[in-house]
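Novice: Got a predicted structure here, sequence first:
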Amino acid sequence: MSAETALQTASELLEQWAKEATTPEPFRLDVVIEPDDLLAAVKALRDASWGYLSTITGVDLGVEAGEFELLYHFSNGAALATLRVRTPRDNPSVPSVCGIIPTATLYEREIIEMFGISVEGTPNTDRLFLPDDWPDGVYPLRKDYIYDDPTAQA
């Protein structure tokens, strides 16, 4: 299947949940969806055997914007379909996709640990990167995070 055909198929599979769909570059489709539609959209891609979940990434849109954006990247050969889901900064939450794609647990754990976004229903919330004594409520990938270097001289 060509990349163009794959993206057309992804677009058709996701159109019922798409608030917006764009092709920001060749072989790439971005689809903005609501958090409540995430599981249905992921299930549609999985049920159609449309590629695989290659990663989940997060973006802090800043305190002024008041939102985070999670990007669920699905790859099918040269084609990349990204589900873009926004969640409010003051109570960030998305549903877990692990019931559909069990290997997503590592990505979800990273989102929890580094952004402080709640992933409802994820089976494992153990830390991946930060030490056990890392303070609660401090998330290093948030734009308002301030690194306090203990080795810096005053």
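Specialist: Everything's here; your move.

Novice: any idea which element the closest residue in space to Ala10 that isn't next to it in sequence lies in?
Specialist: Using C-beta to C-beta, 6 or more residues apart in numbering and skipping the chain neighbours, the partner closest in space to Ala10 is Ala81 (4.1 Å). (C-beta placed from N, C-alpha, C; glycine too.) Ala81 belongs to strand 79-88 when assigned by DSSP states H and E.

Novice: Tell me how far that strand lies from the chain's centre.
Specialist: Remark: strand 79-88 is offset 6 Å from the chain centroid, using C-alpha atoms, centre = their mean, to the nearest Å.

Novice: do stretch 56-65 as well
Specialist: 11 Å.

Novice: Please enumerate residues in contact with it?
Specialist: For stretch 56-65, contacts defined as C-beta atoms under 8 Å, 6 or more residues apart in numbering pick out 67-73, 86, 89, 104, 107-108, 110-111, 114-115, 117, 141-144.

Novice: so for that stretch, what's the average pLDDT?
Specialist: Mean per-residue pLDDT for stretch 56-65: 96.

Novice: One more: stretch 93-108?
Specialist: According to the model, stretch 93-108 has a mean pLDDT of 97.

Novice: export it as CSV, just CAs?
Specialist: C-alpha atoms of stretch 93-108 as CSV (Å, rounded to 0.1, in the frame of the first residue of the first chain):
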residue,chain,number,x,y,z
SER,A,93,-6.4,13.8,32.0
VAL,A,94,-6.7,11.4,29.1
PRO,A,95,-7.9,7.7,29.0
SER,A,96,-5.4,5.0,28.8
VAL,A,97,-5.1,3.2,25.5
CYS,A,98,-3.4,0.1,27.1
GLY,A,99,-6.6,-1.8,26.9
ILE,A,100,-6.3,-1.6,23.1
ILE,A,101,-2.5,-1.4,22.7
PRO,A,102,-0.9,-2.9,25.9
THR,A,103,2.6,-1.7,24.9
ALA,A,104,1.5,1.9,25.3
THR,A,105,2.1,1.6,29.0
LEU,A,106,5.7,2.8,28.7
TYR,A,107,4.6,6.0,26.9
GLU,A,108,1.8,6.6,29.3
